[in-house]
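following is a predicted model, sequence given first.
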Amino acid sequence: GYDSILKNGESVHLALDVRLQHVVHREVAQSMRDFSAKAGVGIVMNVRTGEIIAGVSLPDFDPHNAGDATTDQVFNRMTLG
């Protein structure tokens, strides 16, 4: 959806909070272990603005080794599931 903006050299500002992202990742991973879940999703949204400030889809993969990722790891449940 932002292709035309990016192609024109304009900036896109993200609202993600790295600290909150880390907490959500940790909590979703722990919940998956607690309940023997195959997958999990966590989303935190600012209800006043609609901004997504944290979002996690597990299982995930290391983007530095994306070629090693399984189909299950690549599927983003937050955006596609």
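Received, thanks. The structure presented is a predicted model; accordingly, all values stated were derived computationally and were not measured. Numbering: from 1, shown residues only.

state the pLDDT value of residue 78.
Looking at residue 78, its pLDDT reads 87.

likewise for residue 14?
81.

try residue 39
Reported pLDDT for residue 39: 96.

buried stuff in stretch 68-81?
Of all the residues in stretch 68-81, those buried under the rule 16 or more other C-beta atoms under 10 Å are residue 73. For every residue, glycine as well, the C-beta is placed using N, CA and C.

can you count the residues close to residue 40?
20 (other C-beta atoms under 10 Å).

show me what contacts it?
Residue 40 makes contact with 28, 29, 31, 32, 56, 57, 58, 77, according to C-beta atoms under 8 Å, 6 or more residues apart in numbering.

in a markdown table: those, plus distance to residue 14 and secondary structure.
As requested, those are exported to a markdown table (distance: C-beta to C-beta, whole Å; DSSP: H, G, I helix; E, B strand; the rest coil):
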| residue | distance to residue 14 | secondary structure |
| --- | --- | --- |
| 28 | 20 | helix |
| 29 | 22 | helix |
| 31 | 25 | helix |
| 32 | 25 | helix |
| 56 | 15 | strand |
| 57 | 16 | strand |
| 58 | 20 | strand |
| 77 | 20 | coil |
